[in-house]
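Participant: give me the fold of what follows.
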Amino acid sequence: MSDYELEEIPAAEARPLRRALLHPQADLDAVDYPGDDHPSALHMGVLRDGVLVAIGTAFPQPMPAGPRNGAWRLVDIAVEHGHRGRGIGAMLLERLVEHAQGHEGTTAWARTRTAAFGFFDHFGFKRAGDPIDDPDEGPQYLVYLTIPPLVRSWEL
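Facilitator: Below is the predicted model of the structure:
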C-alpha cells in the first residue's frame, strides 16, 4: 500500500473513473449524482504515481425502506482491475464509513451488484431484502451497516 496515496478529491475528478469502471455505457453526466454536491459529501481517490486508480463517495441520503435520519449512501466504490486485491477497496470503504460516523451517521448503505456482495459482507454489511432487478445494471442488493456512535475520550 505504500505506493498508493489516499486523498480527498473533487466530485468532478471521480466521475470519469466512475463511468469507465462501473457505467461504461452511460453518458458522463449520468454519473453526476444529486448527493455529490452536498456540503458534507466526501469523494475519495486513491492515486498511484499521480494517477487515479480507485474512487469512492459518501453523502447523506435516506435509505429506501430504512432510516431517514443518519443514513449515508456509499456510491461507486471502484478499483482499477490491475490494482485489485491490495486492500484499496477496504481502505476506501473504511474511510467513507469513518466520515459518515464523524458526521453523526448511524447507517451506511449502498446498492451493490450481487457479485460484489461478498466484499460488503466481509465488512459486516447486511442485505436488506431480495435482489433488486435493475434493467441497466443487473441484479443488485441493497446493503447496510449500522454505524456505532463516535466515542471520544475528550470533550471541548
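Participant: going forward, measure contacts between C-alpha atoms and count neighbours the same way
Facilitator: Will do.
Participant: measure the spatially most central residue of the chain to residue 82 for me?
Facilitator: Ranked by distance to the mean C-alpha position of the chain (C-alpha atoms, centre = their mean), the top residue is residue 74 at 3.3 Å. According to C-alpha to C-alpha, to the nearest Å, residue 74 and residue 82 sit 23 Å apart.
Participant: isn't residue 76 up against residue 57?
Facilitator: Yes: with contacts counted by C-alpha atoms under 8 Å, residue 76 reaches residue 57, the gap being 6.6 Å.
Participant: okay, these two: which has more neighbours?
Facilitator: Neighbour count, other C-alpha atoms under 10 Å: between residue 76 and residue 57, residue 57 has more, with 25 against 22.
Participant: so who does the closest residue to that one other than its chain neighbours touch?
Facilitator: Excluding its sequence neighbours, the residue lying closest to residue 57 (C-alpha to C-alpha, 6 or more residues apart in numbering) is residue 43, at 4.5 Å. By C-alpha atoms under 8 Å, 6 or more residues apart in numbering, the residues touching residue 43 are 8-11, 14, 55-58.
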